[in-house]
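In: Mind looking at a prediction? Sequence and model below.
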Amino acid sequence: MAEQTGRDLDGLLELPEVRQEILYIFDWFCQARGSEALTYQEIKAWDSLTGHGITSEETQALMTLDCDLLTSQADG
């Protein structure tokens, strides 16, 4: 693995520390996202179905997570 990536396996498995108070955003992301990129319409429909009352800041966080996921998938 280290020869292919230039990084050892231990470094690849380290996850950044996430503050507990924002973990719900990742949970929402997992609930709202299907197999394709998120859209604002999908977030609105998901919010309507779940009744979470998502804010514009939370919506932007979901879109940012989705963009980061798509970028990491494209980078391989």
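Out: Looks like it arrived, so ask away.
In: how close does the residue lying closest to residue 33 once chain neighbours are set aside get to residue 14?
Out: Closest residue to residue 33 apart from its sequence neighbours, by Cβ to Cβ, 6 or more residues apart in numbering: residue 66 at 6.4 Å. Yep, even glycine has a C-beta here, placed from its N, CA and C like the rest. To residue 14, residue 66 is 23 Å away according to Cβ to Cβ, to the nearest Å.
In: related to what we said a few turns ago, what's the burial count for the residue nearest to residue 33?
Out: 19 (other Cβ atoms under 10 Å).
In: residue contacts, it?
Out: Neighbour list for residue 66: 29, 33, 37-38 [criterion: Cβ atoms under 8 Å, 6 or more residues apart in numbering].
In: Roughly how far does residue 26 sit from residue 18?
Out: For residue 26, the distance to residue 18 - Cβ to Cβ - is 7 Å.
In: between the two, which one's more packed in?
Out: Each of residue 26 and residue 18 has its neighbours counted (other Cβ under 10 Å); residue 26 has more, 13 against 10.
In: Show me which residues of the host helix or strand of that one are buried.
Out: Assigned by DSSP states H and E, residue 26 falls within helix 23-32. For helix 23-32, the neighbour count (16 or more other Cβ atoms under 10 Å) marks 25, 28-29, 32 as buried.
In: For the next helix or strand along the chain from that helix, output the C-alpha coordinates as PDB.
Out: For helix 23-32, the following helix or strand on the C-terminal side (DSSP H and E) is helix 40-50. Presented in PDB, the C-alpha positions along helix 40-50 are these (Å, rounded to 0.1, in the frame of the first residue of the first chain):
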ATOM      1  CA  TYR A  40     -31.400  21.300  -3.400                       C
ATOM      2  CA  GLN A  41     -34.700  19.800  -4.500                       C
ATOM      3  CA  GLU A  42     -33.800  16.400  -3.000                       C
ATOM      4  CA  ILE A  43     -32.800  18.000   0.300                       C
ATOM      5  CA  LYS A  44     -36.100  20.000   0.400                       C
ATOM      6  CA  ALA A  45     -38.100  16.900  -0.300                       C
ATOM      7  CA  TRP A  46     -36.100  14.900   2.400                       C
ATOM      8  CA  ASP A  47     -36.600  17.800   4.900                       C
ATOM      9  CA  SER A  48     -40.300  17.900   4.100                       C
ATOM     10  CA  LEU A  49     -40.700  14.100   4.700                       C
ATOM     11  CA  THR A  50     -38.600  14.100   7.900                       C
END
